[in-house]
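Novice: Curious how this folds, go ahead:
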Amino acid sequence: MTLLEDATRKGLTIATAESCTGGMVAAALSDPAGASAMFLWGVVTYSNAAKVDLLGVRPETLERVGAVSEEVAEEMARGARGRSGADIAVAITGIAGPGGSDHKPEGRVCFGLATRDGCTKETVEFGALGRALVRAAARDHALSLLSRAVTSAQ
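Specialist: Here you go, the predicted model:
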């Protein structure tokens, strides 16, 4: 069963909050016919100001840990879920490249997943695969997180 079919059958709705993927997860979710039954909205918050204004990420969090952090991914996911009214929201923030630093290397992507049961967060080190491949890997990982959340939802 596809993510769309499973979410629709369970009556679950989804929202996305993306930074480094620039809307790739929202595009994947909205691509199949019938997507409007489960996909409410997606927001691309590339700038810190957009994260604050659109998702309610706290400026103090951005100042303390930076945009590429599990804390910001969690706040993005919580904000997307709360502001959209969705049952599940996924958030992505990372360094797609090129570049990065010793502290935050290229290919580091942080994810947040907010559900009725709370929020989880994780960091995946995809490595310096190049911008396109990091973004595609992050999209696919986010879709996998959503699929698992929908499958496990009651």
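
Novice: hey, which helix or strand in this protein has the poorest pLDDT?
Specialist: helix 3-10 (a mean of 94; mean pLDDT, DSSP states H and E).

Novice: for that one, which positions count as buried?
Specialist: Residues of helix 3-10 classed as buried: L3, L4, D6, A7, T8 (neighbour count, 16 or more other C-beta atoms under 10 Å). To be clear about C-beta, it is placed using only N, CA and C from the backbone, and glycine gets the same treatment.

Novice: would you put the C-alpha positions of the helix or strand following that helix in PDB?
Specialist: Downstream of helix 3-10, the first helix or strand assigned by DSSP states H and E is strand 14-18. Output in PDB follows, covering the C-alpha atoms of strand 14-18 (Å, rounded to 0.1, in the frame of the first residue of the first chain):
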ATOM      1  CA  ILE A  14       0.200  15.400   6.500                       C
ATOM      2  CA  ALA A  15       2.100  18.700   6.400                       C
ATOM      3  CA  THR A  16       5.700  19.400   5.500                       C
ATOM      4  CA  ALA A  17       8.300  22.100   6.600                       C
ATOM      5  CA  GLU A  18      11.400  22.100   4.400                       C
END
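
Novice: Does the least confident helix or strand of the chain pack against any helices or strands, and if so which?
Specialist: helix 131-152 (3 or more C-beta pairs under 8 Å, 6 or more residues apart in numbering; DSSP states H and E).

Novice: residues making contact with the least confident helix or strand of the chain?
Specialist: 1, 13-14, 29, 32, 34-35, 37-38, 143, 146-147, 150-151, 153 (C-beta atoms under 8 Å, 6 or more residues apart in numbering).
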